[in-house]
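Engineer: just coords:
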């Protein structure tokens, strides 16, 4: 059996708020709820399991997602419609813009818990065969 990522825990101030924000923005579904976790399923079978933790224990993390051009268009439209601050770069020097790195498109924004989220349409370094 090959090694695959199955799930990861994403800390949040409010697990429901963060899970719903993420699911709504990317057109995904909340797939399960158990104990302190609310899971959002990704297309490759991985789940992001959102868990509420005390605010003083939250540390900013970075999550990058490879999406199709159509998914990017839909998510970026939601980002714009909702007035979510976004940037073309991780240092937040290019507000209200997207990048075209590696021949694709990318955008950075923060989730409700303060995590840096990134959407890209082409992996870093471009597509390889």
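Structural biologist: Nice, thanks for sending it over. The model shown is predicted, which means the values in this text are computed figures rather than measured ones.

Engineer: strands of the chain, residue ranges please.
Structural biologist: 7-12, 30-34, 37-41, 47-52, 62-66, 86-87, 106-110, 116-120 (DSSP state E).

Engineer: now what about the second one, what contacts it?
Structural biologist: Spelled out, it's strand 30-34. For strand 30-34, the surrounding residues in contact (Cβ atoms under 8 Å, 6 or more residues apart in numbering) are 19-20, 23, 38-41, 47. For every residue, glycine as well, the C-beta is placed using N, CA and C.

Engineer: before we move on, what about the first one?
Structural biologist: Contacts to strand 7-12, defined as Cβ under 8 Å, 6+ apart, come from residues 18-19, 37, 39, 46-53, 57-59, 61, 63, 111-113, 115.

Engineer: how close does the spatially most central residue of the chain sit to residue 124?
Structural biologist: The geometric centre of the chain, computed from its C-alpha atoms, lies nearest to residue 117 (Cα atoms, centre = their mean), at 4.6 Å. The spacing between residue 117 and residue 124, counted by Cβ to Cβ, to the nearest Å, is 16 Å.
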